[in-house]
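In: output the structure for:
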Amino acid sequence: MVRFAERREGRTAMAARLQAVALLLGSAAALLSALRLQAQSLPDAPSALLAAAPFDAVTTTTGLQSGPAGPAQPAAPPRKLPLCPAKHFQGSPEADSSEAAAEQLQQPCREEDPLQLIVTSSSIKPLTVRQKGLLAGRDIIDPFNLITIAGSSAITVAAASHSAYGPGIPGFVRLTGYSLTEDIIGESLGTFAIPSIVHEDPRYHRMPGKPFRRRLLHAVAHTFVSQHDDGRTMPNYAVLLTYPLAAEIFNLYVPGGATDGPSTAKRIGIGIATNPAGDILAEFLPDLAKRVHVRIVFVQQIMNQIALGAPGTL
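Out: Numbers count the residues shown, from 1 in each chain. All right, here's what the predicted structure looks like:
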């Protein structure tokens, strides 16, 4: 009896354990089912979408390329931006604001340095009085301008040691000093003072891309016709007044030669007649024109003729 009772209790305990295990397994199954239903209601992860999408769609959306990856390509050199188109500054706030609004719609471009006597851009942005003074000073102390003055003086003294400047180093120093003084006077009048008074643009505006004949006529006519600070056409007072004023100043300090009216008028005529040479060089060879100051060469030759002791000739 006792053994039978023990066996019955053992079977009852085993059945209870099996029921507990079954209950645990059923609870786990129900929990997994609930989690699966919740997961199906959520959106798919990006990785799952990429895995399910066709290969072509993946390359289109992600920017990946098919095939084996090649070597890294070197970065392309930065492209030089074109010059900005023409700007017409009217001086009124309304015009300036409309001009600024139009600039925002334009393609990227670069502004050309305004402080140079030769410009390629068709921009007619006016220079201030201060900028005109800076432009004159920059042109005077330009190394190529100083080299031109010194080189021409050396050649002249070596070829004509009997001039009023004298031979050797002293003559070279005197002629260089006179030429540099003339250049300072010419730049002060023609680039700064006169353009500031009459509101003239002292720069030469090239016409690249135009026919040869039109460019040549533009360069020759620039001696007589220039443009106002606002872009309008006007007489080139900077040239037409600088040569007479400089010629009269020449008579005060250049040694030797004739200083009478006809000789002075002849020097003025020669200066105006040779002035287009510099503009022609600036139009077709701007890089060379920025290094070889043709005007100072011609003016120095006039000074040399005055100092060679030939009265009445110039």
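In: tell me which residues touch residue 232, please.
Out: If a contact means CB atoms under 8 Å, 6 or more residues apart in numbering, then residue 232 has no contacts. Every C-beta, even on glycine, is put in place using the N, C-alpha and C of the backbone.
In: residue 199 versus that one, what's the distance?
Out: Separation of residue 232 from residue 199 (CB to CB, to the nearest Å): 10 Å.
In: can you show me the helices along the chain?
Out: Taking DSSP state H to define them, one finds helices in the chain at 2-41, 46-52, 55-62, 93-104, 129-140, 143-159, 168-187, 194-198, 212-221, 237-240, 242-253, 261-284, 286-289, 294-307.
In: looking at these, which has the lowest confidence?
Out: If you rank these by mean pLDDT, helix 55-62 sits at the bottom with a mean of 45.
In: send the alpha carbons of stretch 172-187 over as PDB?
Out: Taking C-alpha atoms only, stretch 172-187 is exported to PDB below (Å, rounded to 0.1, in the frame of the first residue of the first chain):
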ATOM      1  CA  PHE A 172      72.600 108.600 -67.000                       C
ATOM      2  CA  VAL A 173      71.400 109.700 -63.600                       C
ATOM      3  CA  ARG A 174      70.400 113.200 -64.900                       C
ATOM      4  CA  LEU A 175      68.400 111.800 -67.800                       C
ATOM      5  CA  THR A 176      66.800 109.200 -65.700                       C
ATOM      6  CA  GLY A 177      65.800 111.800 -63.200                       C
ATOM      7  CA  TYR A 178      64.300 114.100 -65.900                       C
ATOM      8  CA  SER A 179      62.400 111.200 -67.500                       C
ATOM      9  CA  LEU A 180      61.000 110.000 -64.200                       C
ATOM     10  CA  THR A 181      59.900 113.500 -63.400                       C
ATOM     11  CA  GLU A 182      58.200 113.700 -66.700                       C
ATOM     12  CA  ASP A 183      56.500 110.400 -66.100                       C
ATOM     13  CA  ILE A 184      55.200 111.600 -62.700                       C
ATOM     14  CA  ILE A 185      53.900 114.800 -64.300                       C
ATOM     15  CA  GLY A 186      52.200 112.800 -67.100                       C
ATOM     16  CA  GLU A 187      50.600 110.300 -64.800                       C
END
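In: for stretch 268-280, buried residues please.
Out: Residues of stretch 268-280 classed as buried under the neighbour-count rule (16 or more other CB atoms under 10 Å) are 268, 270, 271, 272, 274, 275, 276, 277, 278, 279, 280.
In: tell me the one among those residues nearest to residue 227.
Out: Proximity of the buried residues of stretch 268-280 to residue 227 was ranked by CB to CB; the top entry is residue 279 with 13.4 Å.
In: nearest spatial neighbour of residue 140, chain-adjacent residues omitted?
Out: Distances taken as CB to CB, 6 or more residues apart in numbering place residue 187 nearest to residue 140, at 5.2 Å, with adjacent residues excluded.
In: hang on, that neighbour packs against residue 139?
Out: Yes. Taking contact to mean CB atoms under 8 Å, the distance of 5.5 Å between residue 187 and residue 139 places them in contact.
In: now do the shared contacts for those two.
Out: Contact with both residue 187 and residue 139 is made by no residue, according to CB under 8 Å, 6+ apart.
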